[in-house]
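generate a structure from the sequence data that follows.
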Amino acid sequence: MAKLIIDAVRPSETGVATGMNTVMRTVGSVLGGQVGAAIVSADTITHTHVPAESAFVAAFWVSAAVAIVGAGLARLIPYHRQALAT
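Presented below is the predicted three-dimensional model:
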């Protein structure tokens, strides 16, 4: 991903672009982990604190749906091929 980012921005903006990528990746990981934990902990086996199998199935389905939405949004990002310096 870093190579794609470096190729897509001006050399003077490389630090900002890679830093923004790191921030967004970290925020996404934190939010995804917390949502997954909330879904799994919401459905437990009766009289225990152990998550039920259906909680894991629900978490995986939510993850799949979010991945599909993310892929769809990624397709909306405009693509501009820069001329390679010779």
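
give me the nearest residue to residue 55, chain neighbours excluded.
residue 43 (3.8 Å; Cβ to Cβ, 6 or more residues apart in numbering). Where you see a C-beta, it was placed from the backbone N, CA and C, and this is true even at glycine.

wait, that neighbour touches residue 53, no?
No - between residue 43 and residue 53 there is no contact under Cβ atoms under 8 Å: 9.0 Å.

between these two, which is the more surrounded one?
residue 43 (15 against 9; other Cβ atoms under 10 Å).

next one: phi and psi at that one?
phi -120, psi 110 (degrees, to the nearest 10).

separation between it and residue 65?
17 Å (Cβ to Cβ, to the nearest Å).

do the same with residue 50
Distance, residue 50 to residue 65, by Cβ to Cβ: 25 Å.

only alpha carbons, please: show stretch 35-43 as PDB.
Extracted C-alpha coordinates of stretch 35-43, given in PDB (Å, rounded to 0.1, in the frame of the first residue of the first chain):
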ATOM      1  CA  VAL A  35     -17.700  -3.800  16.900                       C
ATOM      2  CA  GLY A  36     -16.700  -7.400  16.500                       C
ATOM      3  CA  ALA A  37     -16.300  -7.800  20.300                       C
ATOM      4  CA  ALA A  38     -19.700  -6.200  20.900                       C
ATOM      5  CA  ILE A  39     -21.400  -8.500  18.500                       C
ATOM      6  CA  VAL A  40     -19.700 -11.600  19.900                       C
ATOM      7  CA  SER A  41     -20.300 -10.700  23.500                       C
ATOM      8  CA  ALA A  42     -24.000  -9.900  22.800                       C
ATOM      9  CA  ASP A  43     -25.000 -13.500  22.400                       C
END
